[in-house]
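J.: have a look; sequence and predicted model below, questions after that.
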Amino acid sequence: MNTKKHHLILFLLLIFLVKTQAQVFIPFSYWKGLAPLTLSPASPLYMVVNDTRVITATGGMGVYTWSNAAGDGSSITSTSDPIDFLANTADYVARATANATDTITVTSGTATATLSVITYNSLAVSPTVITKAINSTQAFTATGGCLNGVNCAGGAYVFSVVSGGGSITSPGGVFTAPAIAGTTVIQVADSIGNTATATITVVNTLTINPASLKISVFSTNAFSAILGTPAYTYSVIAGTGGTGTVVAGTGVYTAPSTTGTNTVRVTDSLAATADSAETIIKPVDIQVGQYFACALHNEGSVKCWGTGLYGQVGNASTAVIGDDAAEIGGANVFINLGTGRTATSIAVGLDHACALLDNATVKCWGRNDRGQLGKGNTTTLGDTANEMGDNLTAINLGTGRTATAVYAFGYVSCAKLDNATVKCWGDNTYGQMGIGNTNHRGDAVNEMGDNLLPLSLGTGRTATKLVGGFSYICALLDNATVKCWGRNDRGQLGKDNSTTLGDTANEMGDNLTAVNINGNSGGARTATDLVGGYEYNCVSRDNASMICWGRNSNGQLGKGSTAGNDANIGDQAGEMAAIAAINMNAGFATLTNIYATGRTTCAKDNANMFKCWGRNTEGQLLLGNTTNATAPPAAALNIGAGLVVAKLFANYYTLCALFSTNDRIKCWGQGTNAAGAAHGVFISTSATHLGDAAGETGAGLPYINH
């Protein structure tokens, strides 16, 4: 009806009510019928699939009829107006299909209004929460949302960083973490203002410590993860050598039995990885001082451990290395020999060490109170920072001279030179420098280099090997004879007297006669090897026999007795000529190797039987007791079934053996230093001897983890 008729009807009704006082309900919609029919919200309406929305109609003639065009799960249901009970609102359920349209239609009388609905999936970003390392990248993916006004499909998302550091490409969504740890929030937006966010926790990069490692076969090292995100898992990746093993949860790595390379990897909970490159090496020599030891490895590296009171361990401290669990295996550092330098041989005295380097020079470190380091002073080296490596200069051996061998014993060092001469420096208290006086050499300026004269061993004679004890030196010469000089209070020079030699003029050179090594053999014997203990010496002879002379306090000369004249051999007239070859006792075949270690003597035959005798006060004979042996025993040294000794060494009362069987090392004997504490050679916290009690011999004697 038109507006005039509408107003007339209302006017007549009002008169009727006044006259009759009747109560008549007049729909409120009549009062708003003059407005045009419209729908709210306005068209187009963007809705998430299956979402619900209330649609409101206004205007029109008062009675509303609702409908929608699409099926697909969509529907519209009218609701009553609480005032006039006419259905001017409706609940609409959107379609189940994204990027699709629907049309809502409402009619009121002759009026019609429509609303276009475009559906889309909810806007989302993936991942929503993630942890990343600094400077790393992460690709984010957006889904859903509405990307254009037609059907919500075919447009591009807009990515941005809303808080924190880093950057993100748009529309690519590739996030680059900042260089500083923290929290970053990124956002993705669609074309109609919807947003979704993701949170990135930025952590420092996962690393593994150490990042590379040189480690001996069978030795262990504890790897640790730094930063990244716990929990960590460790694994080993095979390389050119054996794989070895690592405990997945702790990072404790055990090197394989063969040399080569492999990789230890740590993986964190985010699957980030860090790798450590391992080089597996093996020892080829072992040298033992008074309370420390050094090992030379196949590629020329040197590692020392034990008591470092004088810097002899070479690690810029005076601490004991090897008496703490944190100092074992890969944790113990190698000696810094200088840029690009490696060692070809090593030698140790009581408290100092020397290395012959690959460029034919010699470097020494440790105790230097008598000039044994050859530096023209008495300054200890290796006990403080900046004394090793390139700061440790090579010894001046003379103009144009290079070294072919290096030796150390007691407080003395010697080098055999490229011209076959020998030069020594250090302690000269008893004439062991062989220069006709008792002045130390190497402890003051102008005593080294060309000022240091070579040993005079006799006309045309050269040394093939040098050995020494506490205060004397012996040389095996090129003609298979032996000469000794220095201290002689125990007959260690083999001269049938106790006269010191080399401390006064005219005692060296041709005046120094060879030691009588014939003994009571009835013939002229020659020496095939020479070894020196603390105050005694032994030779193997051309008839595969062995004799020893000097001090015999612990039975080290193998005489079967230490009483009377047997207390020392070589200090009285006629004793050298009367020496009998040592009886090796049952089971011993042909003698091949001899060893003198402190006051314990050993020998090996061609079937690899190994026997030792002499001092056993600290378990040196591996008998499980402390009883000395004055002669070779019937049984072989109980060092472990099937093990073949390649090297055996001791300067004092601690012995170490390197085995050719497995390239491993065992040490035994004295376990304490002068202070009564663990000396560290055993790489153990225990300040006890080894070999002097049951369970400490054979398989019960542990390998050292150096």
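T.: In hand now; what should we look at?

J.: and the next element down the chain from the helix or strand where Val188 lies?
T.: If you go by DSSP states H and E, Val188 is part of strand 182-189. The first helix or strand that comes after strand 182-189 along the chain, using DSSP H and E, is strand 195-203.

J.: and the strand holding Val188 with strand 195-203, angle?
T.: Here strand 182-189 points in a direction 160 degrees away from that of strand 195-203 (axes from the mean of the first three to the mean of the last three Cα atoms, to 10 degrees).

J.: show the average pLDDT along strand 182-189.
T.: Mean pLDDT, computed over strand 182-189, is 96.

J.: repeat that for stretch 296-313.
T.: On average, stretch 296-313 scores 97.

J.: then stretch 583-595?
T.: 96.

J.: buried stuff in that stretch?
T.: Neighbour counts using 16 or more other Cβ atoms under 10 Å place Met584, Phe588, Leu591, Thr592, Asn593, Ile594, Tyr595 of stretch 583-595 among the buried residues. Yep, even glycine has a C-beta here, placed from its N, CA and C like the rest.

J.: need these in TSV with secondary structure and distance to Pro171, can you?
T.: Listed next are the buried residues of stretch 583-595 as TSV, based on DSSP: H, G, I helix; E, B strand; the rest coil; distance: Cβ to Cβ, whole Å:
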residue	secondary structure	distance to Pro171
Met584	coil	88
Phe588	coil	87
Leu591	strand	86
Thr592	strand	81
Asn593	strand	78
Ile594	strand	83
Tyr595	strand	78
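
J.: name the SS class of the residue nearest to Ala69 when sequence neighbours are not counted, please.
T.: Once flanking residues are discounted, Ala69 sits nearest to Thr103: 4.3 Å by Cβ to Cβ, 6 or more residues apart in numbering. With DSSP: H, G, I helix; E, B strand; the rest coil as the basis, Thr103 sits in strand.

J.: residue contacts, Thr103?
T.: For Thr103, the contacting residues are Asn68, Ala69, Ala70, Thr114, Leu115, Ser116, Val117, by Cβ atoms under 8 Å, 6 or more residues apart in numbering.

J.: just among these, which is most surrounded?
T.: Val117 (26 neighbours; other Cβ atoms under 10 Å).

J.: quick one, what contacts that residue?
T.: 44-47, 68, 74, 92, 94-95, 101-104 are the contacts of Val117 under Cβ under 8 Å, 6+ apart.

J.: beta partners of it?
T.: Leu45, Asp102 (DSSP bridges).

J.: with Leu530 instead?
T.: With DSSP bridges as the rule, Leu530 is bridged to Val539.

J.: make 68 the starting number, not 1.
T.: Let's use 68 as the start, then, which means that last one is Leu597.

J.: didn't it look like it was pressed against Val534?
T.: Yes. Assessed by Cβ atoms under 8 Å, Leu597 is found in contact with Val534 at 5.6 Å.

J.: so the two - more neighbours on which side?
T.: In terms of neighbours (other Cβ under 10 Å), Leu597 is the more surrounded of Leu597 and Val534; the figures are 26 against 22.

J.: low-confidence ranges, the protein, go.
T.: 68-101, 147-153 (pLDDT under 70).

J.: check the buried residues of stretch 650-662 and tell me the two furthest apart.
T.: Spanning the widest gap among these are Phe655 and Tyr662, at 14.3 Å by Cβ to Cβ.

J.: quick one: the helices in the protein?
T.: 70-87, 642-645 (DSSP state H).

J.: where exactly do the strands run in the stretch 468-617 of the chain?
T.: Under the criterion DSSP state E, counting those that start in this stretch, the stretch 468-617 of the chain carries strands at the ranges 470-476, 479-484, 489-493, 530-535, 539-544, 549-553, 594-599, 603-608, 613-618.

J.: wait, I meant the stretch 318-467 of the chain
T.: Going by DSSP E, counting those that start in this stretch, the stretch 318-467 of the chain shows strands at 319-321, 327-334, 340-348, 350-355, 359-364, 369-374, 387-388, 410-415, 419-424, 429-433.

J.: dig out what Trp680 forms beta bridges with.
T.: Beta-bridge partners of Trp680, as defined by DSSP bridges: Thr668.

J.: and for Ala410?
T.: Leu424.

J.: just give me the neighbour total for it.
T.: If we define neighbours as other Cβ under 10 Å, then Ala410 has 22 of them.

J.: quick check: it touching Asn426?
T.: No. The pair Ala410 / Asn426 is not scored as a contact, 10.7 Å apart, by Cβ under 8 Å.

J.: can you give me the end-to-end distance of stretch 299-317?
T.: End-to-end distance for stretch 299-317: 8 Å, by Cα to Cα, to the nearest Å.

J.: flag every buried residue along it.
T.: Tyr299, Thr300, Tyr301, Val303, Gly306, Gly308, Gly309, Thr310, Gly311, Val313.

J.: name the surrounding residues that touch stretch 380-395.
T.: 286-287, 359, 371-378, 399-400, 402-403, 420, 432-433, 449-455, 740, 744-752, 772-773.

J.: return a PyMOL selection command for the buried portion of those.
T.: Applied in PyMOL, the following selects the buried portion of those according to 16+ other Cβ under 10 Å:
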select buried, resi 286+287+359+371+372+373+374+375+376+377+378+399+400+402+403+420+432+433+449+450+454+455+740+745+746+747+748+749+750+751+772+773
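
J.: contacts only, for Ala547.
T.: Neighbours of Ala547 in contact, by Cβ under 8 Å, 6+ apart: Thr593, Ala594, Thr595, Asp609.

J.: you'd agree the second one is up against Val549?
T.: Yes. Using Cβ under 8 Å, Ala594 makes contact with Val549 at a distance of 5.3 Å.

J.: what residues are shared contacts of Leu597 and Val534?
T.: By Cβ under 8 Å, 6+ apart, the residues touching both Leu597 and Val534 are Cys541, Ala542, Leu543, Asn604.

J.: what's the closest non-adjacent residue to the first one?
T.: Distances taken as Cβ to Cβ, 6+ apart put Cys551 closest to Cys541, at 4.0 Å, once the chain neighbours are dropped.

J.: burial measure for that neighbour, as a count.
T.: 29.

J.: and it, what is it in contact with?
T.: Tyr539, Ile540, Cys541, Ala542, Gln559, Leu560, Gly561, Lys562, Leu568, Val582, Asn604.

J.: now those: which count as buried?
T.: Here, 16+ other Cβ under 10 Å leaves Tyr539, Ile540, Cys541, Ala542, Gln559, Leu560, Gly561, Lys562, Leu568, Val582, Asn604 buried among these.

J.: about what we covered before: so of the contacts of Thr170, which ones are in strands?
T.: With strands taken from DSSP state E, the overlap with these comprises Asn135, Thr181, Leu182, Ser183, Val184.

J.: using CSV, write out every CA atom in stretch 559-575.
T.: The C-alpha trace of stretch 559-575 is given here as CSV (Å, rounded to 0.1, in the frame of the first residue of the first chain):
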residue,chain,number,x,y,z
GLN,A,559,129.2,-48.2,36.6
LEU,A,560,132.1,-47.2,34.2
GLY,A,561,133.3,-50.8,34.2
LYS,A,562,136.9,-49.9,34.9
ASP,A,563,137.5,-52.2,37.9
ASN,A,564,137.8,-49.2,40.1
SER,A,565,135.7,-46.3,41.4
THR,A,566,137.6,-43.4,39.8
THR,A,567,135.5,-40.7,38.1
LEU,A,568,136.5,-40.1,34.5
GLY,A,569,136.1,-37.1,32.3
ASP,A,570,136.5,-34.5,35.0
THR,A,571,140.2,-33.9,34.5
ALA,A,572,142.4,-33.5,31.4
ASN,A,573,143.6,-36.4,29.3
GLU,A,574,140.9,-38.9,30.4
MET,A,575,138.9,-38.9,27.2
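
J.: name the residues of it that come out as buried.
T.: So stretch 559-575, judged by 16+ other Cβ under 10 Å, has buried residues Gln559, Leu560, Gly561, Lys562, Asp563, Ser565, Thr567, Leu568, Gly569, Asp570, Glu574, Met575.

J.: same deal with stretch 466-477?
T.: Those would be Arg468, Thr469, Ala470, Ala472, Val473, Tyr474, Ala475, Phe476, Gly477, for stretch 466-477 by 16+ other Cβ under 10 Å.
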